[in-house]
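1. give me the fold of what follows.
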Amino acid sequence: MEPTTGRPDADAAEFLEFLERCHDALRQHTGGNPRPYLELWSHADDVSLMGGVGGHQVGIDEVSELLTAAAKTLNYETWSAENLVTGFDDTFGFTVELERLTRHIHGETEETRLRATSVYRREDGAWKVVHRHGDSLMTVEIDPAAGWPGAAVLVLPRPAADAGPQRPHRGRHRRNDAFGRAAGAAGDGNRL
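-> Numbers count the residues shown, from 1 in each chain. Next up, the predicted model:
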């Protein structure tokens with residue numbers, strides 16, 4: 001699905017063109033060249049990255065360091081995105097996408113699928129990336145007979161062809177409030 005904004009105006013065209021530049025830059029980044037993608041990032045103190053390797057980075061120096069190091073190891077041959085949701089206003093925009101990357105290792109095709117959410121901000125009349133969160137797409141099978149909160153089976157992606165049989169992780173769903181805390185947990189309800 002191509003990103004759409006629902007707005008047939010010049011602002012929409014400008015935002016969609018920026019998203020295409022982001023996609024082109026991500027293709028280059030996952031192929032080993034981080035520079036085009038880094039050039040699209042804001043240099044404000046509040047930029048953040050939650051990459052697929054774990055952890056989190058805040059500030060352009062930390063974000064640049066991780067994106068540069070990651071680009072040295074990725075070497076994917078293809079990158080594509082299926083856009084699920086896009087939105088923007090005069091100041092902020094976001095995308096929610098499923099990304100697919102492929103490469104060949106030892107004669108075998110390796111495919112990686114990511115869930116990716118990006119946040120953009122208009123700064124001095126130009127769109128900039130201010131946040132990205134990407135992690136592996138996993139399959140969760142929910143048992144509807146178990147009720148809420150229901151039992152779930154989390155099927156993790158296999159790390160390598162010789163890793164042996166894949167075992168599901170069994171867990172329970174936990175409902176979270178708007179701040180990511182377990183529903184009913186104590187804490188500051190005014191925190192953003």
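2. which strand is the longest one in the protein?
-> Looking across the chain with DSSP state E, the single longest strand is strand 108-123.
3. look up the closest residue to residue 84, ignoring the ones flanking it.
-> residue 96 (4.7 Å; Cβ to Cβ, 6 or more residues apart in numbering). Every C-beta, even on glycine, is put in place using the N, C-alpha and C of the backbone.
4. residue 126 bridge partners, please.
-> residue 123 (DSSP bridges).
5. can you get me a residue count around it?
-> A count of nearby residues for residue 126, using other Cβ atoms under 10 Å, gives 11.
6. measure it to residue 40 for me?
-> Noted for residue 126: a distance of 9 Å to residue 40, by Cβ to Cβ, to the nearest Å.
7. what about the strands in this protein?
-> With DSSP E as the criterion, the chain has strands spanning 48-50, 57-58, 78-88, 92-105, 108-123, 126-136, 139-142, 151-155, 169-172.
8. now these in TSV, with distance to residue 68 and mean pLDDT?
-> As requested, the strands of the chain are arranged in TSV below (distance: least, Cβ to Cβ, whole Å; pLDDT from 0 to 100):
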stretch	distance to residue 68	mean pLDDT
strand 48-50	12	96
strand 57-58	11	96
strand 78-88	17	95
strand 92-105	18	95
strand 108-123	18	95
strand 126-136	14	95
strand 139-142	32	73
strand 151-155	32	51
strand 169-172	33	34
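9. need the longest helix for the chain.
-> helix 10-30 (DSSP state H).
10. tilt between that one and strand 78-88?
-> Relative orientation of helix 10-30 with respect to strand 78-88: 150 degrees, computed using axes from the mean of the first three to the mean of the last three Cα atoms, to 10 degrees.
11. quick one, helix 10-30 and strand 108-123 angle?
-> 140 degrees.
12. pull the CA atoms of helix 10-30 into PDB?
-> What follows is helix 10-30, C-alpha atoms only, in PDB (Å, rounded to 0.1, in the frame of the first residue of the first chain):
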ATOM      1  CA  ALA A  10       0.600  21.000  -1.800                       C
ATOM      2  CA  ASP A  11       1.400  20.100   1.800                       C
ATOM      3  CA  ALA A  12       0.400  16.500   1.200                       C
ATOM      4  CA  ALA A  13       2.600  16.300  -1.900                       C
ATOM      5  CA  GLU A  14       5.500  17.800   0.000                       C
ATOM      6  CA  PHE A  15       5.100  15.300   2.800                       C
ATOM      7  CA  LEU A  16       4.800  12.300   0.500                       C
ATOM      8  CA  GLU A  17       7.900  13.400  -1.500                       C
ATOM      9  CA  PHE A  18       9.800  13.500   1.800                       C
ATOM     10  CA  LEU A  19       8.600  10.000   2.700                       C
ATOM     11  CA  GLU A  20       9.900   8.800  -0.700                       C
ATOM     12  CA  ARG A  21      13.300  10.400   0.100                       C
ATOM     13  CA  CYS A  22      13.200   8.500   3.400                       C
ATOM     14  CA  HIS A  23      12.500   5.200   1.700                       C
ATOM     15  CA  ASP A  24      15.300   5.800  -0.800                       C
ATOM     16  CA  ALA A  25      17.600   6.700   2.000                       C
ATOM     17  CA  LEU A  26      16.600   3.600   4.000                       C
ATOM     18  CA  ARG A  27      17.300   1.400   1.000                       C
ATOM     19  CA  GLN A  28      20.800   2.900   0.900                       C
ATOM     20  CA  HIS A  29      21.200   2.600   4.700                       C
ATOM     21  CA  THR A  30      20.300  -1.100   4.800                       C
END
